[in-house]
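*Asks:* Need the 3D shape of this:
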Amino acid sequence: MDREGAMPQITLHAKDISCQHCAMTIRRELQAVSGVTVVDVDVPGKNVVLDYSDEAALQQAKALLEEIGYPAV
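*Replies:* Reported below is the predicted structural model:
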């Protein structure tokens with residue numbers, strides 16, 4: 001599907017996601033990263049789907065995920 005005009009999107013796998021509390025924490029913490037929007041946190045799949053404005057914003061989001069205990073690849 002073409003998302004013309006939309007920010008790039010990435011799916012990150014974070015193996016330490018185990019429950020809805022994890023998802024809530026990830027959503028809350030990533031709100032602080034400018035240029036990043038959490039599209040979805042898939043608990044069963046252990047994935048975080050993000051829209052991001054640029055590579056710097058994506059790297060900040062990845063660093064924050066690691067800092068809060070959900071390192072992502």
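*Asks:* ok, and what's touching the host helix or strand of A57?
*Replies:* A57 is part of helix 55-67 when elements are defined by DSSP states H and E. Helix 55-67 has contacts (C-beta atoms under 8 Å, 6 or more residues apart in numbering) with 10, 12, 14, 26, 29-30, 32-36, 48, 50, 52, 71-72. Every C-beta, even on glycine, is put in place using the N, C-alpha and C of the backbone.
*Asks:* cool, and stretch 24-40?
*Replies:* 7, 9, 14, 17, 41, 47-54, 56-58, 60-61, 64-65, 68, 70.
*Asks:* Please check these and keep the buried ones.
*Replies:* In those, burial by neighbour count holds for 7, 14, 17, 41, 48, 50-52, 57-58, 60-61, 64-65, 70, counting by 16 or more other C-beta atoms under 10 Å.
*Asks:* Tell me which two of those residues sit farthest apart.
*Replies:* Distances among the buried ones among the contacts of stretch 24-40 were taken as C-beta to C-beta; the most separated pair is M7 and I17, at 22.4 Å.
*Asks:* rewinding a little: pLDDT check: weakest of the buried ones among the contacts of stretch 24-40?
*Replies:* Comparing pLDDT over these, the lowest score belongs to M7 (89).
*Asks:* the helices in the protein, which residues?
*Replies:* 20-30, 55-67 (DSSP state H).
*Asks:* orientation of the last one relative to helix 20-30 in degrees?
*Replies:* In this case it means helix 55-67. Helix 55-67 runs at 140 degrees relative to helix 20-30, counting by axes from the mean of the first three to the mean of the last three C-alpha atoms, to 10 degrees.
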